[in-house]
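In: My questions are about this predicted structure, shown below with the sequence.
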Amino acid sequence: MALQFVSSPSAVSRETGSELGGALVGEPPSGAVPVWPVQRVFAPLLGATSAAIHETWLSDQPVVAGCCEGIVWRRTNGLLYGVIELDEADFAASAKGSPLQAASEEAYRRIFRLLDAEQVPHLWRVWNYLSAINLETDGLERYRQFNIGRQDAFLDCHRDATGNVPAACAIGLAGSPLSIAFMAGALPAVALENPRQVSAYNYPADYGPRSPTFSRGTLVYPPAQEILFISGTASIVGHETVAPGDVAGQCRESMANIAAVVAEANRLCRSGPYALTDLSYRVYVRQATDFRVIRESLAPLIGPAEIVYMQADICRHDLLLEIEAMASHSLEEA
């Protein structure tokens with residue numbers, strides 16, 4: 001297998017030379033952050049045995065490193081992982097809407113320029129984090145400001161804003177800069193949608209001037225491998241929130257949506273079928289007091305699967321949790 005995903009306690013950060021990139025999740029470390037591309041996801045871990053963990057993608061092929069327009073990146077054999085952080089204060093004088101809108105557009109423009117230069121034009125998976133995601137500033141909720149900037153960059157850089165778009169999440173972290181990590185490849189992803197939901201890029205104008213630019217999931221193809229990415233998934237049916245105020249009910253609806261995306265993946269995949277128990281999960285919990293109910297609600301649905309829980313804000317005020325997931329299968333060499 002060319003690409004491997006590993007999770008380890010935060011103290012384990014010694015470079016081996018095979019790291020493509022990853023995330024540091026939990027509390028800020030007391031020591032140095034690794035030199036490879038690392039997205040800093042500083043949010044309280046819930047139910048964990050350590051204060052922070054490293055999630056790292058490892059490659060068994062030679063890795064090339066670089067830095068371009070503030071993006072720290074590494075690439076290998078037809079795929080690239082990168083991280084960019086921007087301070088919204090640097091965009092306070094922008095004429096393009098709010099500082100967040102301008103920063104979001106600029107971040108994605110830089111990403112697309114890098115992907116074109118490195119000839120890995122297909123964006124596979126994106127992790128977006130920003131502060132105060134539900135706060136209204138400049139007359140508009142900040143998540144909606146982000147969506148405007150993101151979509152403007154997609155359109156201006158001649159990328160599809162519907163259909164063939166990456167899997168993604170957008171999560172609120174207290175005090176976070178605009179932080180975007182991404183994986184891209186030389187081959188296009190297979191975008192997945194959920195028949196229980198309206199595609200996010202087709203949401204009605206009730207949810208903001210611009211629809212969110214992401215697919216419900218993707219199947220991507222590093223050499224000899226198939227990876228399933230499931231985007232941040234919540235208790236939404238059609239385009240409306242289901243079970244507001246009922247955290248157990250939102251767990252069930254979120255997992256029903258993930259099951260629907262997995263069914264679509266199994267219909268289109270080149271490898272053997274995926275199962276809910278095979279996935280690795282990251283669960284964002286709005287209120288730490290809901291953690292016990294969420295864990296107990298998910299246990300019978302996904303069994304002993306690997307799960308990281310953290311406290312964070314979700315893109316809608318009435319959503320109490322969001323779940324993302326991934327899994328990898330090997331493919332026979334042609």
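Out: Okay, I see it.

In: Find the least confident helix or strand in the protein, judged by mean pLDDT.
Out: Least confident element among the helices and strands of the chain, by mean pLDDT, DSSP states H and E: strand 3-9 (a mean of 88).

In: That one: which residues count as buried?
Out: Neighbour counts using 16 or more other CB atoms under 10 Å place 3, 5 of strand 3-9 among the buried residues. For every residue, glycine as well, the C-beta is placed using N, CA and C.

In: List the strands paired with that strand, with their directions.
Out: Neighbouring strands of strand 3-9 in its sheet, by DSSP bridges, are strand 52-59 (antiparallel).

In: next SSE after the least confident helix or strand of the chain?
Out: strand 19-26 (DSSP states H and E).

In: Run the angle between that next one and strand 3-9 for me.
Out: For strand 19-26 against strand 3-9, the angle by axes from the mean of the first three to the mean of the last three CA atoms, to 10 degrees is 30 degrees.

In: For strand 19-26, give the mean pLDDT please.
Out: The pLDDT scores in strand 19-26 average 95.

In: ok, now stretch 287-307?
Out: 95.

In: how distant is that stretch from the center of its chain?
Out: When C-alpha coordinates are averaged (CA atoms, centre = their mean, to the nearest Å), stretch 287-307 and its chain have centres 20 Å apart.

In: which residues sit against it?
Out: Residues from elsewhere that reach stretch 287-307 (CB atoms under 8 Å, 6 or more residues apart in numbering): 7, 44, 46-47, 247-248, 251-252, 255, 276-283, 285, 309, 311, 320-321.

In: Which among the residues you listed count as buried?
Out: 46, 247, 251-252, 255, 276, 278-283, 285, 309, 311, 320-321.

In: All the helices of this structure, residue numbers only.
Out: Along the chain, counting by DSSP state H, helices occupy 99-118, 142-156, 247-268, 291-302.

In: Save those helices as a markdown table, and put in distance to residue 183 too.
Out: Formatted as a markdown table, these follow (distance: least, CB to CB, whole Å):
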| stretch | distance to residue 183 |
| --- | --- |
| helix 99-118 | 11 |
| helix 142-156 | 17 |
| helix 247-268 | 17 |
| helix 291-302 | 23 |
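
In: Tell me what residue 74 is bridged to.
Out: Using DSSP bridges, the bridge partners assigned to residue 74 are residue 65, residue 81.

In: any idea how far the closest residue to residue 27 other than its chain neighbours lies from residue 40?
Out: Leaving aside its chain neighbours, residue 27 sits nearest to residue 51 (4.4 Å; criterion: CB to CB, 6 or more residues apart in numbering). The gap separating residue 51 from residue 40 is 14 Å, by CB to CB, to the nearest Å.

In: next one: residue 91
Out: Distance, residue 91 to residue 40, by CB to CB: 20 Å.

In: Same check on residue 132?
Out: Using CB to CB, residue 132 is found at 17 Å from residue 40.

In: for residue 140, same thing?
Out: Per CB to CB, residue 140 is found 27 Å from residue 40.

In: Over to residue 250?
Out: Distance from residue 250 to residue 40, counting by CB to CB: 28 Å.

In: Also residue 282?
Out: In this view, residue 282 and residue 40 are 15 Å apart by CB to CB.

In: and what of residue 241?
Out: Taking CB to CB, one finds residue 241 at 30 Å from residue 40.

In: try residue 312
Out: 13 Å.

In: what's the answer for residue 137, then?
Out: 23 Å.

In: the more surrounded of the two?
Out: residue 40 (21 against 12; other CB atoms under 10 Å).

In: Next up, the contacts around the more buried one.
Out: Residue 40 sits next to 23-24, 28, 33, 85, 179 when contact means CB under 8 Å, 6+ apart.

In: Looking at the residues you listed, which is nearest residue 57?
Out: Closest to residue 57 out of those is residue 23 (9.5 Å), distances taken as CB to CB.

In: Double-check that closest one against residue 41; I have them as touching.
Out: Yes - the pair residue 23 / residue 41 is scored as a contact, 5.3 Å apart, by CB atoms under 8 Å.
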